[in-house]
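K.L.:
Prediction below, plus the sequence it came from.
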Amino acid sequence: MRHRAYAAALLASTVLAACHQSPPPREFDGQQAFGYLQQEVAFGYRIPGTPGHAREAAWLDSLLRLRADSLVVQSWKHVTARKDTLQLTNFIARFNLRAPERVLFLAHWDTRPVSDNASYKGPRTPVPGANDGASGVAVLLGMADALKKTPPAVGVDLLFVDGEDYGDFNTEKDDVLIGSRYYAQHLVPGPTPLYAVLFDMVGDKDLRILPENQSLLGAPEVVNLVWTVAREIGHGGTFVDVPGSGPTLIDDHAELQKVGIRAIDVVDFDYGPGNSYWHTPADTIDKVSAASLQIVGDVGMALIRKR
């Protein structure tokens, strides 16, 4: 309880400080992040057990080892309800290991094996995942570049989780959010993060991010912090502060909340007309933009620099 009270006080002080500080200089490179997104899509489907998944795992490993102060690789096998055996890998890129306070940012790097959007009537082919998968990873990689160039005063962990999108979210609950659940059950030693921010589906060209309801329920002070910082650096038109108007989602942040991490979901769950691109073959690179990655990356870096 003491830790939670202390963390809440720190978050409150950060929000107040954000209201009286000038916008920080831009250090996140949205074009570079978009290049990372393009490379991810070029790997093909990143479904566990496929060549594209193996290629991206090797690529992430090589990139993060060059950028982070330390890289933790969590590898394990998961047997699904359908008796598929999946080889899964989480990557945790760590910066400023000796810092007494840490913050956590995460995204999933796998893609969905089947198109199952209720409004989609085409063949149940895999999802390319330009937005749902690649965009959040691209933001984290762009943040890693910035942190390598200018190390943070606070401890930062960038978590790339696997197996988020494999199973059916309605009937196979043990076969989704696999990587975040594994991370939550195998936390790295050290201080618990003051908060965690999940980036999911943040590349939409028409980006508009509303507060997600499970985030408001589980960590309202973190939602307040993120939307305050976004507004103060000029992105209030994208991070729209209308509580109760956003979605309620089963996503990776929920697994972190279960173990006491104050986690929220930064997500634009209105992807295409009537969310028609989500979990379909239409989740392609022409639907996402460097400008959207820039906005989200700016907010992520501003959060870090406020500490």
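P.N.:
Perfect, thanks for sending it.

K.L.:
Could you confirm His253 falls within a helix?
P.N.:
Yes: looking at His253 with DSSP: H, G, I helix; E, B strand; the rest coil, it is inside a helix.

K.L.:
And the helices in the protein, which stretches?
P.N.:
With DSSP state H, the ranges of helices along the chain come out as 2-18, 30-42, 51-67, 134-149, 178-185, 213-218, 220-232, 252-257, 290-306.

K.L.:
Out of those, flag the one nearest Leu88.
P.N.:
Closest to Leu88 of the helices of the chain is helix 178-185 (CB to CB; 6.2 Å). All C-beta atoms are positioned from the backbone trio N, CA, C, and that covers glycine.

K.L.:
what residues does the closest one touch?
P.N.:
74, 76, 78, 86, 88, 90, 92, 106, 108, 110, 159, 161-164, 166, 252-253, 255-256, 258-259, 261 (CB atoms under 8 Å, 6 or more residues apart in numbering).

K.L.:
Which members of those are classed as buried?
P.N.:
Using 16 or more other CB atoms under 10 Å as the burial test, these include 74, 78, 86, 88, 90, 92, 106, 108, 110, 159, 161-164, 166, 252-253, 255-256, 261 as buried.

K.L.:
Okay, and which of the residues you listed map to strands?
P.N.:
Counted as lying in strands by DSSP state E, out of the buried ones among the contacts of helix 178-185, are 74, 78, 86, 88, 90, 92, 106, 108, 159, 161.

K.L.:
just those residues now: which is nearest Glu56?
P.N.:
Nearest to Glu56 out of these is His108 (CB to CB; 11.5 Å).

K.L.:
Now that that closest one has come up, it's in contact with Phe199, right?
P.N.:
No: with contact defined as CB atoms under 8 Å, His108 does not count as touching Phe199 (9.4 Å).

K.L.:
tell me, what's touching these two both at once?
P.N.:
With CB under 8 Å, 6+ apart as the test, His108 and Phe199 both reach Gly136.

K.L.:
worst-scoring helix or strand of this structure, pLDDT-wise?
P.N.:
Ranked by mean pLDDT, DSSP states H and E, the weakest helix or strand in the chain is helix 2-18, scoring a mean of 51.

K.L.:
sorry, back to before: possible to save the helices of the chain as CSV with distance to Asp116?
P.N.:
Below are those laid out as CSV (distance: least, CB to CB, whole Å):
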stretch, distance to Asp116
helix 2-18, 37
helix 30-42, 20
helix 51-67, 19
helix 134-149, 19
helix 178-185, 17
helix 213-218, 21
helix 220-232, 29
helix 252-257, 19
helix 290-306, 25
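
K.L.:
Figure out which of those is closest to Ala118.
P.N.:
Ranking the helices of the chain by proximity to Ala118 (CB to CB) places helix 213-218 first, at 19.9 Å.

K.L.:
Show me what that closest one is packed against.
P.N.:
Applying 3 or more CB pairs under 8 Å, 6 or more residues apart in numbering; DSSP states H and E, we find helix 213-218 packed against helix 220-232, helix 252-257, strand 263-267.
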